[in-house]
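Chemist: attaching a predicted model along with its sequence, questions to come.
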Amino acid sequence: MPLLPATLASGLEALVPTDSASDPITRIGAAFDDYFQGASVSGVPVGGSTAAAKSAMEGAMSGLNAPDGAAAAISAGITAYWGVIAPAAATLWIVPGFTIPAPAVPPPGLAGLTSAVQGAFDASVAAEDDLAAAANTLATAIHGTQSGGIVTLVPVVPGPPVPTPII
(Lines give C-alpha, C1' and ligand atoms only; values in the text may rest on other atoms or scores of the structure.)
Protein backbone atom coordinates (compact mmCIF):
# COMPACT_ATOMS: atom_id res chain seq x y z
CA MET A 1 0.00 0.00 0.00
CA PRO A 2 1.47 3.40 -0.90
CA LEU A 3 1.54 6.65 1.02
CA LEU A 4 -1.86 8.27 0.46
CA PRO A 5 -2.53 12.00 0.94
CA ALA A 6 -6.17 11.21 1.80
CA THR A 7 -4.98 9.37 4.93
CA LEU A 8 -2.97 12.41 6.01
CA ALA A 9 -5.85 14.79 5.19
CA SER A 10 -8.23 12.71 7.29
CA GLY A 11 -5.92 13.00 10.29
CA LEU A 12 -5.38 16.72 9.77
CA GLU A 13 -9.14 17.26 9.81
CA ALA A 14 -9.00 16.38 13.53
CA LEU A 15 -7.30 19.71 14.22
CA VAL A 16 -9.41 22.19 16.14
CA PRO A 17 -8.68 25.78 17.17
CA THR A 18 -6.92 25.96 20.52
CA ASP A 19 -4.73 28.29 22.56
CA SER A 20 -2.28 25.48 23.31
CA ALA A 21 0.27 24.01 20.93
CA SER A 22 0.43 20.59 22.58
CA ASP A 23 -2.85 19.21 21.24
CA PRO A 24 -2.20 20.23 17.61
CA ILE A 25 1.36 18.89 17.84
CA THR A 26 0.02 15.54 19.02
CA ARG A 27 -2.67 15.47 16.32
CA ILE A 28 -0.29 16.44 13.52
CA GLY A 29 2.19 13.82 14.74
CA ALA A 30 -0.55 11.18 14.81
CA ALA A 31 -1.81 12.20 11.36
CA PHE A 32 1.65 11.94 9.81
CA ASP A 33 2.39 8.67 11.58
CA ASP A 34 -0.91 7.17 10.37
CA TYR A 35 -0.05 8.37 6.86
CA PHE A 36 3.43 6.85 7.07
CA GLN A 37 1.99 3.46 8.03
CA GLY A 38 1.08 3.16 4.35
CA ALA A 39 4.74 3.33 3.29
CA SER A 40 5.94 0.16 1.64
CA VAL A 41 9.17 -1.16 0.21
CA SER A 42 8.88 -3.71 -2.58
CA GLY A 43 5.24 -4.22 -1.58
CA VAL A 44 6.09 -4.84 2.10
CA PRO A 45 4.29 -2.46 4.49
CA VAL A 46 5.85 -0.93 7.57
CA GLY A 47 6.15 -3.78 10.04
CA GLY A 48 8.12 -2.22 12.88
CA SER A 49 7.33 0.45 15.42
CA THR A 50 7.38 4.09 14.37
CA ALA A 51 6.68 5.36 17.90
CA ALA A 52 10.18 6.84 18.28
CA ALA A 53 9.82 8.69 14.97
CA LYS A 54 6.45 10.10 16.03
CA SER A 55 7.93 11.20 19.35
CA ALA A 56 10.85 12.89 17.57
CA MET A 57 8.42 14.65 15.26
CA GLU A 58 6.34 15.96 18.12
CA GLY A 59 9.45 17.11 19.98
CA ALA A 60 10.71 19.03 16.96
CA MET A 61 7.50 21.01 16.36
CA SER A 62 8.17 23.72 18.92
CA GLY A 63 7.13 27.08 17.58
CA LEU A 64 4.00 25.66 16.00
CA ASN A 65 1.89 28.37 17.61
CA ALA A 66 4.41 31.21 17.05
CA PRO A 67 3.33 33.86 14.54
CA ASP A 68 4.24 32.53 11.09
CA GLY A 69 5.96 29.54 12.74
CA ALA A 70 3.67 26.67 11.75
CA ALA A 71 5.22 25.85 8.36
CA ALA A 72 8.75 25.69 9.78
CA ALA A 73 7.56 23.69 12.81
CA ILE A 74 5.73 21.11 10.70
CA SER A 75 8.75 20.86 8.39
CA ALA A 76 11.09 20.38 11.36
CA GLY A 77 8.77 17.71 12.73
CA ILE A 78 8.57 15.70 9.52
CA THR A 79 12.33 16.02 9.02
CA ALA A 80 12.88 14.72 12.56
CA TYR A 81 10.49 11.83 11.81
CA TRP A 82 12.61 10.84 8.82
CA GLY A 83 15.73 11.26 10.97
CA VAL A 84 14.52 8.31 13.04
CA ILE A 85 13.00 6.32 10.16
CA ALA A 86 16.13 6.35 7.96
CA PRO A 87 18.45 4.46 10.33
CA ALA A 88 15.63 2.12 11.39
CA ALA A 89 14.79 0.94 7.87
CA ALA A 90 16.08 -2.59 8.48
CA THR A 91 13.65 -3.03 11.37
CA LEU A 92 10.71 -1.34 9.66
CA TRP A 93 10.62 -3.35 6.45
CA ILE A 94 11.40 -7.04 6.52
CA VAL A 95 11.52 -7.93 2.84
CA PRO A 96 11.75 -11.71 2.28
CA GLY A 97 14.96 -12.70 0.54
CA PHE A 98 16.68 -9.37 1.20
CA THR A 99 18.56 -7.49 3.88
CA ILE A 100 18.72 -3.73 4.36
CA PRO A 101 22.35 -3.05 5.30
CA ALA A 102 22.28 0.74 5.31
CA PRO A 103 19.98 3.53 6.44
CA ALA A 104 17.20 4.64 4.12
CA VAL A 105 17.76 7.81 2.13
CA PRO A 106 15.01 10.32 3.04
CA PRO A 107 13.07 11.93 0.20
CA PRO A 108 14.85 14.90 -1.39
CA GLY A 109 11.63 16.91 -1.20
CA LEU A 110 12.22 17.49 2.51
CA ALA A 111 14.41 20.44 1.48
CA GLY A 112 11.34 22.23 0.09
CA LEU A 113 8.90 21.15 2.78
CA THR A 114 8.64 24.49 4.60
CA SER A 115 7.84 26.30 1.34
CA ALA A 116 5.31 23.64 0.35
CA VAL A 117 3.52 23.85 3.70
CA GLN A 118 3.52 27.66 3.70
CA GLY A 119 2.22 27.62 0.12
CA ALA A 120 -0.62 25.32 1.19
CA PHE A 121 -1.48 27.62 4.10
CA ASP A 122 -1.47 30.67 1.82
CA ALA A 123 -3.60 28.94 -0.83
CA SER A 124 -6.16 27.80 1.75
CA VAL A 125 -6.43 31.28 3.26
CA ALA A 126 -6.81 32.88 -0.19
CA ALA A 127 -9.50 30.35 -1.14
CA GLU A 128 -11.22 30.72 2.24
CA ASP A 129 -11.17 26.93 2.53
CA ASP A 130 -13.16 25.09 5.16
CA LEU A 131 -11.29 22.63 7.39
CA ALA A 132 -11.70 19.65 5.06
CA ALA A 133 -10.43 21.54 2.00
CA ALA A 134 -7.55 23.09 3.95
CA ALA A 135 -6.57 19.67 5.34
CA ASN A 136 -6.61 18.23 1.82
CA THR A 137 -4.51 21.10 0.45
CA LEU A 138 -1.95 20.71 3.26
CA ALA A 139 -1.86 16.91 2.94
CA THR A 140 -1.33 17.16 -0.82
CA ALA A 141 1.52 19.64 -0.31
CA ILE A 142 3.22 17.45 2.29
CA HIS A 143 2.68 14.31 0.22
CA GLY A 144 4.37 15.98 -2.74
CA THR A 145 7.59 16.20 -0.73
CA GLN A 146 7.59 12.59 0.44
CA SER A 147 8.46 10.72 -2.74
CA GLY A 148 11.96 9.67 -3.62
CA GLY A 149 13.02 8.02 -0.36
CA ILE A 150 15.18 4.98 -1.06
CA VAL A 151 15.93 1.74 0.77
CA THR A 152 18.72 -0.41 -0.63
CA LEU A 153 17.79 -4.08 -0.65
CA VAL A 154 20.60 -6.62 -0.86
CA PRO A 155 19.63 -10.16 -1.88
CA VAL A 156 20.35 -12.82 0.72
CA VAL A 157 21.52 -15.00 -2.17
CA PRO A 158 24.57 -13.23 -3.67
CA GLY A 159 23.58 -10.51 -6.04
CA PRO A 160 23.83 -6.75 -6.55
CA PRO A 161 22.11 -4.26 -4.23
CA VAL A 162 18.72 -3.03 -5.43
CA PRO A 163 17.85 0.62 -4.65
CA THR A 164 14.11 0.43 -3.96
CA PRO A 165 11.72 3.34 -3.54
CA ILE A 166 9.68 3.88 -0.42
CA ILE A 167 6.18 4.49 -1.74
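Modeler: Now that the structure is in, tell me what you want to look at. Quick caveat, the model's predicted, so the values are computed rather than measured.
Chemist: please report phi then psi for the closest residue in space to S20 that isn't next to it in sequence.
Modeler: The shortest distance from S20 to any non-neighbouring residue, by C-beta to C-beta, 6 or more residues apart in numbering, is to N65 (7.6 Å). In this view, the C-beta of every residue, glycine as well, is placed from N, C-alpha and C. The phi/psi pair for N65 (degrees, to the nearest 10) reads phi -100, psi 10.
Chemist: assess the claim that N65 and S22 are in contact.
Modeler: No. In this structure, N65 is not within contact of S22 by C-beta atoms under 8 Å, at 9.4 Å.
Chemist: of the two, give the one with the bigger neighbour count.
Modeler: Set N65 next to S22 and count neighbours by other C-beta atoms under 10 Å: N65 wins out with 16 against 12.
Chemist: please report how far that one lies from L8.
Modeler: Distance of N65 to L8, given as C-beta to C-beta, to the nearest Å: 21 Å.
Chemist: try G63
Modeler: Using C-beta to C-beta, we find G63 at a distance of 21 Å from L8.
Chemist: now swap in A116 and tell me
Modeler: On the measure of C-beta to C-beta, A116 and L8 end up 13 Å apart.
Chemist: quickly list what's touching both of those two.
Modeler: Residues touching both A116 and L8 by C-beta atoms under 8 Å, 6 or more residues apart in numbering: I142.
Chemist: more neighbours, those two?
Modeler: Comparing A116 with L8 by other C-beta under 10 Å, the one with more neighbours is L8, at 27 against 21.
Chemist: in this protein, which spans are helices?
Modeler: Taking DSSP state H, the helices of the chain run over residues 5-12, 22-36, 51-60, 70-85, 89-92, 113-127, 131-143.
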